[in-house]
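A.B. asks: got a sequence here, can you model it:
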Amino acid sequence: MTMNAATPMVFVVDDDDAVRRALVRLIRSAGYCVEGFGSAHEFLESRPPCTGAPACLILDVGLPDLNGLDLQRELNAANTSLPIIFITGHGDIAMTVSAMKAGATDFLAKPVSDTDLLRAIETALLNSAQSLASRIEIDSIHDRLARLTPREREVLGLLIEGRLNKQVACELGIAEKTIKVHRARVMEKMEARSLVDLVRVTDKAHFPLSPGQSASR
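C.D. replies: The predicted structure is shown next:
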């Protein structure tokens with residue numbers, strides 16, 4: 001395993017006790033924290049809050065209460081970023097396509113090969129780690145944007161359009177030397193080393209277009 005941050009977490013949802021116990025033993029032997037559930041509702045009720053660690057879900061399709069595809073839809077509706085590996089003893093092409101279109105990372109047939117499952121878990125956890133890192137970065141950018149004054153946000157909006165200092169000054173009706181001060185403060189607060197860097201981070205945070213900016217950008 002290449003990840004060395006918070007310990008990755010794997011959830012297993014399967015109503016077959018023997019299969020679930022075997023999967024939990026295998027996954028634990030690979031060094032992951034793992035927790036098993038006998039139904040979708042048990043998982044939804046008992047799932048611990050996010051700890052900031054990469055996580056994924058091993059999910060049986062044919063559950064007795066809420067089937068795996070329905071649980072996937074519920075998690076997607078709740079905007080839960082949890083990579084799902086489906087396992088099934090009676091899957092078909094249509095079911096596989098539906099699951100993958102809804103964001104599943106893999107769809108494995110029972111009996112599941114240990115090697116295939118552990119490989120799928122590694123991929124899912126790497127995806128989870130990348131998603132987590134992206135969310136942390138975007139949250140950080142929003143925190144930086146929140147430190148800007150209203151005037152600095154106006155200056156920022158014009159700068160990322162590619163306006164020169166004198167053009168920003170004309171647009172806002174203030175002196176160019178004042179714009180230079182605002183620009184320096186914007187760069188400092190946004191922790192941007194260059195205008196290109198400034199555009200990159202604001203794009204990631206979907207910083208709103210300024211009132212005068214073309215909607216075609």
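A.B. asks: for the residue lying farthest from the centre of the chain, give its distance to residue 183.
C.D. replies: In the chain, the greatest distance from the average C-alpha position (C-alpha atoms, centre = their mean) is reached by residue 175, at 42.4 Å. Going from residue 175 to residue 183 by C-beta to C-beta, to the nearest Å gives 13 Å. Where C-beta positions appear, they are placed from N, C-alpha and C, glycine not excepted.
A.B. asks: likewise for residue 57?
C.D. replies: Counting by C-beta to C-beta, the gap from residue 57 to residue 183 is 46 Å.
A.B. asks: so which residues of this protein form helices?
C.D. replies: Assigned by DSSP state H, the chain shows helices spanning 17-29, 40-46, 68-77, 93-101, 114-146, 150-159, 165-172, 176-189, 195-204.
A.B. asks: per-residue pLDDT of the residue farthest from the centre of the chain, please?
C.D. replies: pLDDT for residue 175: 95.
A.B. asks: look up the closest residue to it, ignoring the ones flanking it.
C.D. replies: Nearest residue to residue 175, sequence neighbours excluded (C-beta to C-beta, 6 or more residues apart in numbering): residue 169, at 6.2 Å.
A.B. asks: so what's the residue positioned nearest the centre of the chain closest to, chain neighbours aside?
C.D. replies: For the chain, residue 131 is the residue whose C-alpha lies nearest the centre (C-alpha atoms, centre = their mean; 3.3 Å). Distances taken as C-beta to C-beta, 6+ apart put residue 81 closest to residue 131, at 5.1 Å, once the chain neighbours are dropped.
A.B. asks: one more: residue 172?
C.D. replies: Using C-beta to C-beta, 6+ apart, the closest residue to residue 172 is residue 154 (6.2 Å).
A.B. asks: perfect, I'm done here.
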